[in-house]
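> Let me see the structure of the following:
(one chain, ligands or ions: 1)
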Amino acid sequence: MAEETYDDVELLVTRKGAIRAGSGDLGIIPGSMGTGSYIVRGLGNASSFQSASHGAGRRMSRNKAKKLFTAEDLAAQTAGVECRKDSGVVDEIPAAYKDIETVIKAQTDLVEVVAHLKQVVCVKG
Ligand SMILES: Nc1nc2c(ncn2[C@@H]2O[C@H](COP(=O)(O)O)[C@@H](O)[C@H]2O)c(=O)[nH]1
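Take a look at the predicted model:
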């Protein structure tokens, strides 16, 4: 929770599914197990309460992903990434998430891109 002021109104701001993107703030916007992450710098846009997305976000529920995809699909979609490829993490398959490039392009008024990271290892807790 953060104390912030917008239009001369003092607010307590909690961000769910969002990161703080105040002017100059550095943040991470992750994509999925297969698509890497973006390092971003906030632009301090008051119309979003100085916030941006905290990730690509889900395209479908975990249950739907488990019904639609197999461990073989997961292995194909995470080729080149050292990570779990078993049925226990199929709900986190890249196709279950929105396209990170589209998500980043949709918030160019909120953050600027500093770097695009492509993962080589992904560890699930
Ligand atoms: N780089 C990675 N990004 C991932 C992975 N799994 C999920 N995600 C993205 O992170 C956000 C936040 O995830 P949450 O589980 O804390 O809600 C999510 O929207 C995805 O876009 C991953 O393995 N690597």
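> In the protein, which residue sits closest to the ligand?
Proximity to the ligand, evaluated over the chain using Cβ to the nearest ligand atom, is greatest for G55 at 2.3 Å. Using the backbone N, CA and C atoms, a C-beta is placed for each residue, glycine as well.
> count of residues packed around that residue?
Residues contacting G55 under the criterion other Cβ atoms under 10 Å number 19.
> ok, the residue sitting nearest the centre point of the chain - contacts?
Nearest to the mean C-alpha position of the chain, by Cα atoms, centre = their mean, lies G55 at 1.2 Å. Going by Cβ atoms under 8 Å, 6 or more residues apart in numbering, G55 touches 17, 29-31, 97.
> still on that earlier bit, and the residue of the chain closest to the ligand, what pLDDT?
On pLDDT, G55 comes in at 97.
> tell me the secondary structure for it?
Of the three states, G55 takes coil according to DSSP: H, G, I helix; E, B strand; the rest coil.
> For this protein, just list every one of the strands.
2-6, 9-13, 18-20, 26-32, 36-42, 51-53, 82-83, 111-117, 121-122 (DSSP state E).
> Tabulate those strands (CSV), appending mean neighbour count and distance to the ligand.
Putting those into CSV (neighbours: other Cβ atoms under 10 Å; distance: least, Cβ to the nearest ligand atom, whole Å) gives the following:
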stretch, mean neighbour count, distance to the ligand
strand 2-6, 12, 19
strand 9-13, 10, 19
strand 18-20, 18, 10
strand 26-32, 19, 3
strand 36-42, 19, 4
strand 51-53, 23, 8
strand 82-83, 14, 7
strand 111-117, 14, 8
strand 121-122, 12, 5
